[in-house]
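Asks: Here's my sequence, what's the structure:
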Amino acid sequence: MGKIIAIANQKGGVGKTTTSINLAASLGVLEKKVLLIDADPQANASSGLGIDIDSIEIGTYQILEHSHKPEEAILKTTAPNVDLIAAHIDLVAIEIELVDKENREYMLKQTLASVKDKYDYIIIDCAPSLGLLTLNALTAADSVVIPIQCEYFALEGLGKLLNTIKSVQKIHNPELDIEGLLLTMYDSRLRLSNQVVEEVQKHFNNMVFETVIQRNIKLSEAPSYGESIINYDATSKGATNYLQLAEEIIKKNS
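Replies: Got it, this is the predicted structure:
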């Protein structure tokens, strides 16, 4: 039985997509079969793995509205053992279209039932909002990884996200766990970065991953080449960090 992990935070620019792509690629390199689902209308996880998003005919939009099965939407990627269900800008419309549907929060959960057993991990890259798309991802997921940027406003909005997770647990998905809080864009030279790490670890203790993702120029460059960090530069700090994270998640779930 595969484990579904949503990567969520309603703040933009905290490293959600970077984490989704590179965690998926790292799990793949560690010989886990992975499906990455791009549930963000910006479709950065799709383009970041070299997919031409304008050519997408069946993607997240079509599986959410149940006009196609997920099996029809699955694409191969250059990352070993990683498949992708890509997004397209038309995903913007899904929030409006689902509003009147019965059980609208369960659309993704229902459609993924047919592929869940075919993968070790299904990673969902969520949109930077707490709308219906993210709600569908949290309802479908077994757990959630919350990336937190090591910057001044890091904890702002975290309470709101944790409240959303609590209400999803209460109403839609009592099984939903917090896989962990992931500190991203860490720069050891900055006092502020170190303060944020201390604060988060002090307040959230065991909920925080031991792995910290360091600021790394190669991580920023990789998506423009349509590659994960593992394919782009396996010796970089970014690749080492994400492999450590993947190992930590595998160990936690074994």
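
Asks: now the helices: where do they sit in the stretch 151-254 of the chain?
Replies: Ranges of helices in the stretch 151-254 of the chain, per DSSP state H, counting those that start in this stretch, are 158-171, 191-204, 217-221, 229-232, 237-253.

Asks: Need the winner for burial among those helices.
Replies: Neighbour counts (mean count of other C-beta atoms under 10 Å) averaged over each of those peak at helix 229-232, with a mean of 22. Every C-beta, even on glycine, is put in place using the N, C-alpha and C of the backbone.

Asks: Grab the CA positions of that helix and hand them over as PDB.
Replies: C-alpha atoms of helix 229-232 as PDB (Å, rounded to 0.1, in the frame of the first residue of the first chain):
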ATOM      1  CA  ILE A 229      18.900  18.100  -8.300                       C
ATOM      2  CA  ILE A 230      19.800  14.400  -8.400                       C
ATOM      3  CA  ASN A 231      20.100  14.400 -12.200                       C
ATOM      4  CA  TYR A 232      21.500  17.900 -12.400                       C
END
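
Asks: Outside of the top strand by length along the chain itself, list whatever touches it.
Replies: In the chain, with assignment by DSSP state E, the single longest strand is strand 177-186. For strand 177-186, the external contacting residues (C-beta atoms under 8 Å, 6 or more residues apart in numbering) are 5, 14-15, 18-19, 142-151, 165, 193, 196-197, 200, 204, 207-209, 211-215, 245, 248-249, 252.

Asks: Equivalent analysis for stretch 62-76, please.
Replies: Stretch 62-76 is contacted by residues 35, 51, 58-60, 83-86, 91, 94, 97-98, 107-108, 110-112, 114-115, 136 when judged by C-beta under 8 Å, 6+ apart.

Asks: What's the mean pLDDT across that stretch?
Replies: Rounded to a whole number, the mean pLDDT of stretch 62-76 is 94.

Asks: quick one: buried residues of that stretch?
Replies: Of the residues in stretch 62-76, 62-64, 68, 70, 73-75 count as buried by neighbour count, 16 or more other C-beta atoms under 10 Å.

Asks: Can you give me the end-to-end span of it?
Replies: Counting by C-alpha to C-alpha, to the nearest Å, you get 18 Å between the two ends of stretch 62-76.

Asks: Only alpha carbons, please: show the longest strand of the chain as CSV.
Replies: Once non-C-alpha atoms are left out, strand 177-186 reads as follows in CSV (Å, rounded to 0.1, in the frame of the first residue of the first chain):
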residue,chain,number,x,y,z
ASP,A,177,-0.6,12.8,10.1
ILE,A,178,2.0,15.6,10.1
GLU,A,179,5.0,13.8,8.6
GLY,A,180,7.2,16.7,9.7
LEU,A,181,8.1,20.4,9.5
LEU,A,182,11.0,20.9,7.0
LEU,A,183,13.3,23.8,7.4
THR,A,184,14.4,25.1,4.0
MET,A,185,16.7,27.8,2.5
TYR,A,186,18.9,27.6,5.6
